[in-house]
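Enquirer: what's the 3D shape of this:
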Amino acid sequence: NRTADVEAIRELIRDEGYVLHGGGFIDEGDGNYASLTNSYEALKLGYEAGNRVIEVDLLETSDGYLVAGHDIDDEWWAMGIGIPRDTYVTRDLYLDTQWCNRYTTMDLDMIADYMREHTDLYIVTDVKYDNISACNIIKETCPDLMDRFIIQIYHEDEYEPVSELGFPYIIFTLYRLTDDERTTEKLVAAAKEHELIGFTFNYLFADDDAFLDGIKKAGIPLYIHTVNYPSQIEYYFGRGIDAVYTDWTKTAIVNVVE
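Expert: As a prediction, this is how the structure comes out:
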């Protein structure tokens, strides 16, 4: 029963309270932290800290593979990866390059292997370019894990292609929408039309009473990004937010100094 399964994933995220953002922070000591590494070390650290819903940024290489990485600017192909943007970036080249010369880069196969070894782990995708192409690659590469990937879509018209590929769990994230697309009336209508796990949006929208009251009429879970201070997290939970995207693992966040 797909509706029952969707509700189970909503409950899982609600119980977790957190979606670990970009793999999560790595404590480098001396008060320094590496964020958005999307590295093997970050994935392992998050899982071992008890996080079971982890967001990973995904990029497609020139030879058609998915790798974990966060596109950041016009200079480098991915943040923390010393490959110039104009380079023909193959999967092998990417995997031969460490994040800031310290952390292990991953491709989809590595992520899938980790998921198979840890059967209670769910990965939320954040595809930086062609979302539908990336979903096709996930389906072709690891069809056994399609119900363990929670796909973020960026526009309503992506829902049907992703759903028709066979992905049952879809979050509608709003950060790429125009102001015209981001009206609560249109979002509520989208939630009525499609079976979504929830909406994800910037925490500043959760400070807007009109927006928050309007989107709550959708009747589905609401998530925000990216919040890293415990007092902020409690504040937004108090405003009816169901879960937050955060850089801190479950064990690290209790030690955050505000």
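
Enquirer: CA only for contacts and neighbour counts going forward, please
Expert: Fine.

Enquirer: Regarding Ile151, what is its secondary structure?
Expert: strand (DSSP: H, G, I helix; E, B strand; the rest coil).

Enquirer: thought it was touching Thr173?
Expert: No: the criterion here is C-alpha atoms under 8 Å, and Ile151 misses it with Thr173 at 9.7 Å.

Enquirer: Compare neighbour counts for these two and give me the winner.
Expert: Each of Ile151 and Thr173 has its neighbours counted (other C-alpha atoms under 10 Å); Ile151 has more, 27 against 22.

Enquirer: Spit out the contact partners of that one.
Expert: Val124, Thr125, Asp126, Val162, Phe167, Tyr169, Ile170, Ile171 (C-alpha atoms under 8 Å, 6 or more residues apart in numbering).

Enquirer: ok, now Ile132?
Expert: Glu158, Pro161, Val162.

Enquirer: can you tell me the helix or strand for it?
Expert: If you go by DSSP states H and E, Ile132 is part of helix 131-141.

Enquirer: Inside helices: which ones of the contacts of Ile151?
Expert: Val162 (DSSP state H).

Enquirer: For the host helix or strand of Ala189, enumerate the helices and strands it packs against.
Expert: Using DSSP H and E, Ala189 sits in helix 184-193. Packing partners of helix 184-193 (3 or more C-alpha pairs under 8 Å, 6 or more residues apart in numbering; DSSP states H and E): helix 209-216.

Enquirer: Recalculate using a threshold of 10 Å.
Expert: strand 170-173, strand 198-202, helix 209-216 (3 or more C-alpha pairs under 10 Å, 6 or more residues apart in numbering; DSSP states H and E).

Enquirer: how close does Tyr223 sit to Glu160?
Expert: 22 Å (C-alpha to C-alpha, to the nearest Å).

Enquirer: The two: which has the busier surroundings?
Expert: Tyr223 (29 against 11).

Enquirer: Beta-bridge partners for the more buried one, please?
Expert: Thr200, Ala243 (DSSP bridges).

Enquirer: check contacts around it.
Expert: 13-14, 17-19, 171-173, 198-203, 206, 236-237, 240-245 (C-alpha atoms under 10 Å, 6 or more residues apart in numbering).

Enquirer: is it fair to say Glu55 lies in a strand?
Expert: Yes: with three-state DSSP as the criterion, Glu55 is located in a strand.

Enquirer: got a pLDDT number for the closest residue to it other than its chain neighbours?
Expert: Spatial nearest neighbour of Glu55, excluding adjacent residues (C-alpha to C-alpha, 6 or more residues apart in numbering): Val124 at 4.3 Å. What the model reports for Val124 is a pLDDT of 98.

Enquirer: Pull the contacting residues for Val124.
Expert: 19-22, 53-57, 148-152, 169-171.
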